[in-house]
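Asker: pasting the sequence and the predicted model now:
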Amino acid sequence: MNILAWRLGRFALQMVSSLGRAVRMLFFALAGSPQLKNIPLVVRQIYQLGVLSVLIIVCSGFSIGAVLALQGYAQLARVGSESALGLGVALVLVMEIGPVVSALLFAGRAGSAITAEIGLMKATEQIASMEMMGVDPLRRIFAPRFWGGFIALPLLALMFSVVGIWGASLVAVDWLGVYGGSFWSVMEEGVDFFDHVLKGIVKSVVFGFVVIWIALFQGYDSLPTSEGISKATTNTVVFSSVWVLVLDFFLTLMMFQL
């Protein structure tokens, strides 16, 4: 019993210590980040983290939108409500699947890359060299990556939803024969920017903050070995995925005021 209590206590202290280091890293990285000279670095990270992730986002969004159209049509056709297919697909993509799946894909592609990159910088003592030269690595390396990912993920989530709706329209209207006028008109009447689209944007903003924070901290706190970098990269994907799903539940709970 004493051994179990000791292990639980040590685990709790390690968690509190890790959280403290993560908050400290984030604070110092963002304390002086809004500077004009850092804008090119942020733009470069938007390209690295966002633009280079467009292909996987577009392919995934189109596939999921097409599948939603197929499954939704099969169910709605039983009750003669095919005209509501566009509305159902749009609401599911904009409010739920778009932000969540985009965040999971972003964590797997961009988050793991950030962790591996920073872990390698730490292993090769590049970060220590910058500190010796009087360059703040938190402001030079961490802040641009944070803002780049924070800006990129909401845009990727919107792109995911748009491509998904387009894929659903191709399947529903051009293949299954749903009347295009009803498909788009019911969607236009039922989808509200503030009640639906804005909620999805809020989710993607929160997910972007959490995923980038986890990716940066795992690289910053990783052991400077190949095994340590590998473990940190894995932790980034696992922790980001878990937190995205947990936060999605609580955000949905607050948005619908249940």
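Answerer: Looks like it arrived, so ask away. Residues are numbered from 1 along each chain as shown.

Asker: C-alpha from now on. contacts and neighbour counts both.
Answerer: OK.

Asker: quick one, helices of the stretch 51-200 of the chain?
Answerer: 54-76, 85-92, 98-106, 112-123, 126-132, 137, 143-169, 180-190, 198-220 (DSSP state H, counting those that start in this stretch).

Asker: switch those over to CSV; also include mean pLDDT, distance to residue 28 and mean neighbour count.
Answerer: Below are the helices of the stretch 51-200 of the chain laid out as CSV (pLDDT from 0 to 100; distance: least, CA to CA, whole Å; neighbours: other CA atoms under 10 Å):
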stretch, mean pLDDT, distance to residue 28, mean neighbour count
helix 54-76, 92, 30, 19
helix 85-92, 90, 38, 23
helix 98-106, 95, 24, 26
helix 112-123, 89, 16, 23
helix 126-132, 78, 14, 14
helix 137, 74, 10, 17
helix 143-169, 93, 9, 24
helix 180-190, 86, 44, 15
helix 198-220, 93, 12, 24
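
Asker: figure out which of those is closest to residue 27.
Answerer: Taking CA to CA, helix 143-169 is the member of the helices of the stretch 51-200 of the chain nearest to residue 27, at 9.8 Å.

Asker: by contact count, what packs against the closest one?
Answerer: helix 39-45, helix 54-76, helix 85-92, helix 98-106, helix 198-220 (3 or more CA pairs under 8 Å, 6 or more residues apart in numbering; DSSP states H and E).

Asker: how big is the angle separating the last one from helix 98-106?
Answerer: Just to be clear, that refers to helix 198-220. 20 degrees (axes from the mean of the first three to the mean of the last three CA atoms, to 10 degrees).

Asker: how about TSV for the helices of the stretch 51-200 of the chain, with distance to residue 40 added?
Answerer: As requested, those are arranged in TSV below (distance: least, CA to CA, whole Å):
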stretch	distance to residue 40
helix 54-76	20
helix 85-92	35
helix 98-106	22
helix 112-123	18
helix 126-132	19
helix 137	16
helix 143-169	9
helix 180-190	38
helix 198-220	19
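
Asker: to residue 26, which of those lies closest?
Answerer: That would be helix 198-220 among the helices of the stretch 51-200 of the chain, by CA to CA, at 7.2 Å.

Asker: got the angle between that closest one and helix 85-92?
Answerer: 40 degrees.
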